[in-house]
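Undergrad: Need coordinates for the below:
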Amino acid sequence: MTSTAPRLPKVRASELVGRGWLNTGGRDVALADLRGKVVVLDFWTFCCINCLHVLDELRALEEQYRDVLVIVGVHSPKFLHEADPVALAAAVDRYEVRHPVLDDPDLTTWSAYTARAWPTLVVIDPDGYIVAHMAGEGHLHNLEVLVAELVRTHDAAGTLHRGDGPYVPPTPTSGTLRFPAKAIALPGGGFLVADAGHHSLAELAPDGETLVRRIGAGMRGLADGGPDDARFSEPNGLCLVPDELRAAVGFDVLVADTVNHALRGVRLADGAVTTVAGTGAQYMVGGADNVVARPGDSPTADRTGVGYDGPALDLALSSPWDVVWWPVVGAFVVAMAGNHTLWAFDPVTDRIMRLAGTMNEGLVDGLATDAWFAQTSGLAVDAGGRLWLADSEVSALRHLDGGGPTADSLAAASPAAAPGTATATVGTAVGAGLFDFGHRDGPADQALLQHPLGLAVLPDGSVVVADTYNGAVRRYAPPAPQAPDGSVGEVTTLATGLAEPSGIVVEVEGDRVRLVVVESGAHRLTRIGLPGALAGEILDGGAHRTQRPMTELAPGEVRLDVVFTPAVGQKYDDRYGPSTRLQVSATPPGLLLAGAGDDVALTRVLRLDPDVAEGVLHVTAHAASCDADPSIEYPACHLNAQDWGVPVRVVAGAGSELTLPLHG
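TA: Numbering: from 1, shown residues only. Modelled structure (predicted):
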């Protein structure tokens, strides 16, 4: 029977418009350059775990059809940090993106293609018409079928052009570490680092720099074996196995092997690696085959994995990002970033089960079974048994109290597991939701983070957070036991100017406390010294505030001037929009009656409250410049950026101008 339904009109694909291109050798790419190719636009943002899943899904398809298929990543950012072109270039390198990427910071192309979610895929045929629009992940099969059909059709019609596309590989980088993710201190001294960019683990000497050995072959893959043969894929979290369990489980370190969707056990004596949880496939929410079918299983058995409590190697995992031992349940807790949940893994019985989270993404507190998380990426346990979580997509510091519904089951399954309470509850110390982020200190219920990935607990019980997209280390001090009801604790900034810090190790030597920060974007470990008195006026008031002289400013209107002059031979780079940006906030927020916020100009009039005696002005400025010589085909461009935390005292009769040199 022939259908009489009218054929939908073809829609011509819109031009690709943005700030610039990556992975093209400096060339801009127009749709006309792609005519004759099947084109897949991948709208992504590098904070988004679902977008990272799609990048991995596309690798094999891209390789199979490299002569006829062009994938174009359209990076349309969510977080402010992701709009930084330097950060985007690092992310393209970090995630081994091997196709052209359009930098779309103003969401111009995103809007032209009516994208509404990250990730979104749009397929364009060789004639330049849109033939498919897909939101979310898990579309690989649909893409395979559609691409194969388009290749056949247009090959037969003579409209398919074979040959190289516009991708130009970047210059490879080298170094001991490449985008390290997390680190732990080893019992004998030194560190074990999840060297995500090298798909391996790096053991470093106590200096944090000298390579002792490498565990893993250094290329993507899922393979067990000795240190030269084992393969990882972007490993992240690491945790030592408790001393009393190492002989029983046969390994010393548990590794969250993120892109392999697996947990790996590492024996330190010889570097042997074993897969201890996960099938190597990704858990798909709502999927019917997340659990391996075994002979004898009932045909009606639930294989979705929602209520799974069984062998750890039979369950698909979803981007495990961090792991920590939680004595309350006598098991490892796994931050399953890919489906916004926490799982408990018992290495003695080799069992795994869901501990908290509904698999919905968001910020909802309450019973663990009802809580919503959003890409939990960092875990730590304090001396009182509270489990702390860096919940990255809601820019939050959260906590889990009690053993949860799994505790009794885990205790029964393993003699080493301690019984927990019947229920567990989730709370939030810092954070407001999916779209609320920033850099603001002060009372915890008003403080803001930006996509934190790691945390640790200090000896005084406070929590330090790797505030990744703010390039900072922050400290949350819980309310004192004698504090009145309703107290929320305080957030301060300990360090700024770091390159995407993603993990923290605490070193204590007598009265000295140091943080070893994993600077992922700088490919190194960085030590930061803290005052010996971890509790009290110095840290609680903000270490950076008391170590520098106060700037006296008059109450009322104050002119802020960030001075920037392009270097010799350079000019403002305004080819793709404004070349400058100025962001201003204050601690406490009430210090600023006017002038807070984000704008283009590097000058601004602030208004200081005469009733606020002192505080800190937080100023962030960016200015882009490039070669001024018009004869240079590919001008060298630079982003100049600086963060200031300026301690100020409001004094009548003081100056009314604040000048900060960015480059001048």
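Undergrad: does Gly218 really touch Ser200, like I thought?
TA: Yes. When contacts are counted by C-beta atoms under 8 Å, Gly218 is listed as touching Ser200 (5.1 Å). Any C-beta I mention is one placed from the backbone N, CA and C, and that applies to glycine too.
Undergrad: Mind naming the longest helix for this protein?
TA: helix 140-157 (DSSP state H).
Undergrad: Who are the packing partners of that helix?
TA: On a contact count with 3 or more C-beta pairs under 8 Å, 6 or more residues apart in numbering; DSSP states H and E, helix 140-157 meets strand 38-44, helix 49-64, strand 120-124, strand 129-135.
Undergrad: Export these as TSV, with columns for distance to Asp289, mean neighbour count and mean pLDDT.
TA: Below are the helices and strands packed on helix 140-157 laid out as TSV (distance: least, C-beta to C-beta, whole Å; neighbours: other C-beta atoms under 10 Å; pLDDT from 0 to 100):
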stretch	distance to Asp289	mean neighbour count	mean pLDDT
strand 38-44	25	24	96
helix 49-64	17	19	92
strand 120-124	23	23	90
strand 129-135	21	16	84
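Undergrad: Nearest to Gly158, out of the ones you listed?
TA: Among the helices and strands packed on helix 140-157, strand 38-44 comes nearest to Gly158, with 14.9 Å by C-beta to C-beta.
Undergrad: so what does the closest one touch, helix or strand wise?
TA: helix 49-64, strand 69-75, strand 120-124, helix 140-157.
Undergrad: What mean pLDDT does the second one get?
TA: Per-residue pLDDT over strand 69-75 has a mean of 97.
Undergrad: Break down the stretch 451-600 of the chain into its strands, ranges please.
TA: Ranges of strands in the stretch 451-600 of the chain, per DSSP state E, counting those that start in this stretch, are 454-457, 463-467, 472-477, 490-495, 501-509, 512-519, 524-530, 551-553, 556-564, 570-572, 580-587, 592-594, 597-599.
Undergrad: Each with direction, which strands does the first one pair with?
TA: In other words, strand 454-457. With DSSP bridges as the test, strand 454-457 is paired with strand 463-467 (antiparallel).
Undergrad: quick one: the partner strand to strand 512-519, angle?
TA: Orientation check (axes from the mean of the first three to the mean of the last three C-alpha atoms, to 10 degrees): strand 463-467 against strand 512-519 gives 30 degrees.
Undergrad: could I have strand 463-467 exported to CSV, CA atoms only?
TA: The C-alpha trace of strand 463-467 is given here as CSV (Å, rounded to 0.1, in the frame of the first residue of the first chain):
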residue,chain,number,x,y,z
VAL,A,463,36.1,20.1,54.6
VAL,A,464,38.3,21.4,51.8
VAL,A,465,36.9,21.4,48.3
ALA,A,466,38.6,21.4,45.0
ASP,A,467,36.4,24.0,43.4
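Undergrad: Can you mark which positions in stretch 596-611 are buried?
TA: Neighbour-count burial for stretch 596-611, counted by 16 or more other C-beta atoms under 10 Å, picks out Ala596, Leu602, Arg604, Leu606, Leu608, Asp609.
Undergrad: Assumed the fourth one was part of a strand.
TA: Which is Leu606. Yes. Counting by DSSP: H, G, I helix; E, B strand; the rest coil, Leu606 falls inside a strand.
Undergrad: I figured it hits Glu557, correct?
TA: Yes. At 7.2 Å, Leu606 and Glu557 qualify as touching, with contact defined as C-beta under 8 Å.
Undergrad: Put the alpha carbons of stretch 309-329 into CSV.
TA: Output in CSV follows, covering the C-alpha atoms of stretch 309-329 (Å, rounded to 0.1, in the frame of the first residue of the first chain):
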residue,chain,number,x,y,z
ASP,A,309,22.1,-6.6,44.9
GLY,A,310,24.5,-9.3,43.5
PRO,A,311,27.8,-10.1,41.9
ALA,A,312,29.7,-6.9,41.1
LEU,A,313,31.0,-8.3,37.8
ASP,A,314,27.4,-8.9,36.5
LEU,A,315,26.2,-5.3,36.7
ALA,A,316,27.0,-2.5,34.1
LEU,A,317,28.3,0.6,35.8
SER,A,318,28.0,4.2,34.6
SER,A,319,31.1,6.4,34.8
PRO,A,320,32.3,5.7,38.3
TRP,A,321,34.2,8.9,39.3
ASP,A,322,35.4,8.4,42.8
VAL,A,323,35.6,5.7,45.5
VAL,A,324,36.0,5.8,49.3
TRP,A,325,35.9,3.3,52.1
TRP,A,326,32.9,4.0,54.4
PRO,A,327,33.2,2.2,57.8
VAL,A,328,29.6,2.8,58.5
VAL,A,329,28.6,0.2,55.9
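Undergrad: Can you mark which positions in it are buried?
TA: For stretch 309-329, the neighbour count (16+ other C-beta under 10 Å) marks 310, 312-326, 328-329 as buried.
Undergrad: what's the answer for stretch 83-97, then?
TA: Neighbour-count burial for stretch 83-97 [16+ other C-beta under 10 Å]: 83-85, 87-95, 97.
Undergrad: Make TSV out of the residues you listed and add secondary structure and pLDDT.
TA: TSV is the format used below for the buried residues of stretch 83-97 (DSSP: H, G, I helix; E, B strand; the rest coil; pLDDT from 0 to 100):
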residue	secondary structure	pLDDT
Ala83	helix	90
Asp84	coil	92
Pro85	helix	94
Ala87	helix	94
Leu88	helix	96
Ala89	helix	95
Ala90	helix	94
Ala91	helix	95
Val92	helix	96
Asp93	helix	95
Arg94	helix	94
Tyr95	coil	95
Val97	coil	96
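Undergrad: which one among these gets closest to Leu397?
TA: Here the nearest of the buried residues of stretch 83-97 to Leu397, counting by C-beta to C-beta, is Ala87; it sits at 22.2 Å.
Undergrad: Isn't that closest one up against Gly521?
TA: Yes. Using C-beta under 8 Å, Ala87 is in contact with Gly521, at 7.4 Å.
Undergrad: list the residues that contact both of these two?
TA: Residues touching both Ala87 and Gly521 (C-beta atoms under 8 Å, 6 or more residues apart in numbering) are Glu500.
Undergrad: what's the burial count for Arg27?
TA: 13 (other C-beta atoms under 10 Å).
Undergrad: one step back: just put the strands of the stretch 451-600 of the chain in a markdown table and tack on distance to Pro484 and mean pLDDT.
TA: Below are the strands of the stretch 451-600 of the chain laid out as a markdown table (distance: least, C-beta to C-beta, whole Å; pLDDT from 0 to 100):
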| stretch | distance to Pro484 | mean pLDDT |
| --- | --- | --- |
| strand 454-457 | 24 | 96 |
| strand 463-467 | 21 | 96 |
| strand 472-477 | 16 | 93 |
| strand 490-495 | 14 | 89 |
| strand 501-509 | 30 | 94 |
| strand 512-519 | 29 | 93 |
| strand 524-530 | 28 | 91 |
| strand 551-553 | 33 | 86 |
| strand 556-564 | 35 | 83 |
| strand 570-572 | 52 | 68 |
| strand 580-587 | 22 | 79 |
| strand 592-594 | 28 | 91 |
| strand 597-599 | 33 | 84 |
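Undergrad: so can I have CSV of these showing distance to Leu400?
TA: What follows is the strands of the stretch 451-600 of the chain, written out as CSV (distance: least, C-beta to C-beta, whole Å):
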stretch, distance to Leu400
strand 454-457, 13
strand 463-467, 13
strand 472-477, 15
strand 490-495, 20
strand 501-509, 19
strand 512-519, 23
strand 524-530, 26
strand 551-553, 42
strand 556-564, 42
strand 570-572, 49
strand 580-587, 29
strand 592-594, 36
strand 597-599, 34
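Undergrad: Of all those strands, which one comes closest to Thr659?
TA: It's strand 556-564; of the strands of the stretch 451-600 of the chain, that one is closest to Thr659 (C-beta to C-beta) at 4.9 Å.
Undergrad: Please compute how far stretch 439-452 lies from its chain's middle.
TA: Put simply, stretch 439-452 sits 17 Å off its chain's centre (C-alpha atoms, centre = their mean, to the nearest Å).
Undergrad: Would you mind listing the buried residues in that stretch?
TA: His439, Arg440, Asp441, Gly442, Pro443, Ala444, Ala447, Leu448, Leu449, Gln450, His451, Pro452.
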